[in-house]
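Asks: Give me a 3D structure for the following:
(2 chains)
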Amino acid sequence: MATPFRLYNTLSRSIEPFEPITDGKVGLYVCGMTVYDDIHMGHARAMVVFDTFVRYLRHRGWDVHFVRNFTDVDDKIIARANEHGEDPLVWAHRYIDRFHEDTDALGLLRADDEPRVSGCIHDIQKLTQDLIDRGHAYISEGNVWFAVKSDAEYGKLSGQKVDELRSADTDAGKQNAADFALWKSVKPGEPSWDSPWGPGRPGWHIECSAMSKKHLGNTFDIHGGGLDLVFPHHENEVAQSECGNAAPYARYWMHNGMLTMDSGQKMGKSLGNVFNVRNALSHFPAEALRLYYAQGLYRSSLPWSDQALPDALSMLGRLYDAREKAEAMGGSESAEQVARDLGEDAQLVLELGRNFPERFYDALDNDFNTAKAMADLLSLARAINRFAGHKKARKRGGPVVAPALDAFRLVSEAINLMAMSTAEFHAEVKTKRLKALSLSAEWVEARLDERKAARDAKDWQLSDAIRGELEQRGIMVMDTPTGAQWRVRLGTASD
RNA sequence: GGCGCCAUGGCCAAGUGGUAAGGCAGAGGACUGCAAAUCCUUUAUCCCCGGUUCGAAUCCGGGUGGCGCCUCCA
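Replies: Numbers count the residues shown, from 1 in each chain, chains lettered A, B, ... in the order given. Below you'll find the predicted structure:
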């Protein structure tokens, strides 16, 4: 059954209890991508945050209707396509396909509806006409403008006042510099559709108002998107929808923070500091990316650096290693019996495991605090590792770590992390990290065979030299009772 | 100029009234042929000033600094 949760609402600038319009249901609209290039780590944050959020709500019993749009008609798409002598819609749709390739590889769910501007022209025109009819929009030279001054509530989301804005563009035909286009008359080389106001194409903001209305109705529960969209995009959406529909728009506004560079500035194409998801995924498992995002609060800025993914991967490795140790433990006594016999480390892992669900739900129900949830999971991993150091843990510890293993399953089901088998995880890491280091598994194995021969001859000098060479190349060698194991170093610098 | 967010140990970071989670890095120790991994120990009174309170990192006021938005932006 759906349980209550609390959410920061940009409208009130405070955390509020979530109250659905319809019991047990959540209508969620998230602003998607303008598709003219591959997505970068900053875009991926928004996608991962809302994917994780949707998964969690569903895990908690909510019936979520998740809508995320594609902007496939836009100035930048047109400019980029024209540069390459291609049709703008063809160009955009190729990048929608690439978006799906990337987000599928990231392990993200598809939205329930993924409307495109080009498929919603009729809905956009209908809303535009409603705005004209209600006196909130005017026609000028084939353009239709939203009249900001006609909306007394304009600015309520962002706190902006129309007269205090830095002088915007003074397009001929606009009554107020802050008025924005609902419909733009056609220009040469641009896609266009017929309309009551002449051929043209939609303005940027109207699409989201029209698409959310189409799939979720006039009033719906949660509207999401990047923090950089609050003004003007979301402000304008509120104005259009509430004026055009004469009904409230989204009840909760949920904004994710930006990825920032060393300078504190956000990752963005104009700054030339973007890192593509495609690159990241060729060298790191998708879960490492998702853990990187989950480490922080969704609405805070998150620092990006070359070390971000190596760090996240080594953290992920710690979690998988701990889980593997727990899985290897046997025994069939009662947990209480084992905990009594094996001491406080056993008590601790039992207790943390049993408490985990409550702590996990508390963290995520309180404005989706994944950072807290991840910290608790790491604490549990440490408790497992500590307990695993006991001689009798492997033979008798199973009952004591069972709740911890349940905790890992819970995380996997609720937010899709720790969702692989240990073998799958290590296989993926090996493949991707070897590729990043330009090494082959065969080469590593051959070196290890040589080292084994040296070790058998107790030629420690040669043995260590071989290991040293491997380490220099980023391969860690671990001597165990059953022979040497190897792994690609997780925490190495960028590639 | 306007609007908004933020300021916690070397770095990242959770914490929203009762004396500071977690990660990375560093130092010491256990383990190891030596290592790696792992574990243990170790590093903070929370930007500054004032106020409220028995008590504040947490609330209020002022200051300083950073960032986002006001043009496209996840």
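Asks: all contacts plus neighbour counts: C-alpha atoms, from now on.
Replies: OK.
Asks: Not counting sequence-adjacent ones, nearest residue to A:Met261?
Replies: A:Trp304 (5.4 Å; C-alpha to C-alpha, 6 or more residues apart in numbering).
Asks: Can you show me the helices along the stretch 201-350 of chain A?
Replies: A:206-216, A:235-245, A:277-283, A:286-294, A:308-327, A:335-342, A:344-365 (DSSP state H, counting those that start in this stretch).
Asks: May I ask which helix or strand of chain A has the lowest mean pLDDT?
Replies: Ranking every helix and strand in chain A by mean pLDDT, DSSP states H and E puts strand A:483-488 at the bottom, with a mean of 86.
Asks: Given that one, what are its sheet partners and their directions?
Replies: Its sheet considered, strand A:483-488 pairs with strand A:475-480 (antiparallel) by DSSP bridges.
Asks: Any idea what whatever residue of the stretch 101-250 of chain A ends up closest to RNA strand B is bridged to?
Replies: Nearest residue of the stretch 101-250 of chain A to RNA strand B, counting by C-alpha to the nearest atom of the strand: A:Gly226, 2.6 Å away. On the basis of DSSP bridges, A:Gly226 is bridged to A:Asn256.
Asks: Mind listing what's buried along stretch A:19-31?
Replies: A:19-20, A:24-31 (16 or more other C-alpha atoms under 10 Å).
Asks: Run the chain-centre distance for that stretch.
Replies: Offset of stretch A:19-31 from its chain centre (C-alpha atoms, centre = their mean, to the nearest Å): 19 Å.
Asks: Roughly how far does A:Ser282 sit from A:Trp91?
Replies: Shown here: A:Ser282 relative to A:Trp91, a distance of 24 Å by C-alpha to C-alpha, to the nearest Å.
Asks: before we move on, the earlier item: between the helices of the stretch 201-350 of chain A, which gets nearest to A:Lys435?
Replies: In terms of C-alpha to C-alpha, the element of the helices of the stretch 201-350 of chain A nearest to A:Lys435 is helix A:277-283, at 7.0 Å.
Asks: Output the below-cut-off pLDDT ranges for chain A.
Replies: Counting by pLDDT under 70, chain A contains low-confidence ranges at A:1, A:167-171, A:270-271, A:490-495.
Asks: Kindly report the residues of the stretch 1-150 of chain A close to RNA strand B.
Replies: A:13, A:31-34, A:42-46, A:76 (C-alpha under 7 Å from any atom of the strand).
Asks: downstream neighbour of the host helix or strand of A:Ile132 in the secondary structure list?
Replies: Per DSSP states H and E: A:Ile132 is located in helix A:121-133. Counting by DSSP H and E, the next helix or strand C-terminal to helix A:121-133 is strand A:137-140.
Asks: For stretch A:423-434, list every residue counted as buried.
Replies: Buried residues in stretch A:423-434, defined by neighbour count with 16+ other C-alpha under 10 Å: A:425-426, A:428-434.
Asks: want to try TSV for the residues you listed, with distance to RNA strand B and secondary structure as columns?
Replies: Listed next are these as TSV, based on distance: C-alpha to the nearest atom of the strand, whole Å; DSSP: H, G, I helix; E, B strand; the rest coil:
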residue	distance to RNA strand B	secondary structure
A:Phe425	15	helix
A:His426	13	helix
A:Glu428	18	helix
A:Val429	15	helix
A:Lys430	15	helix
A:Thr431	18	helix
A:Lys432	18	helix
A:Arg433	15	helix
A:Leu434	16	helix
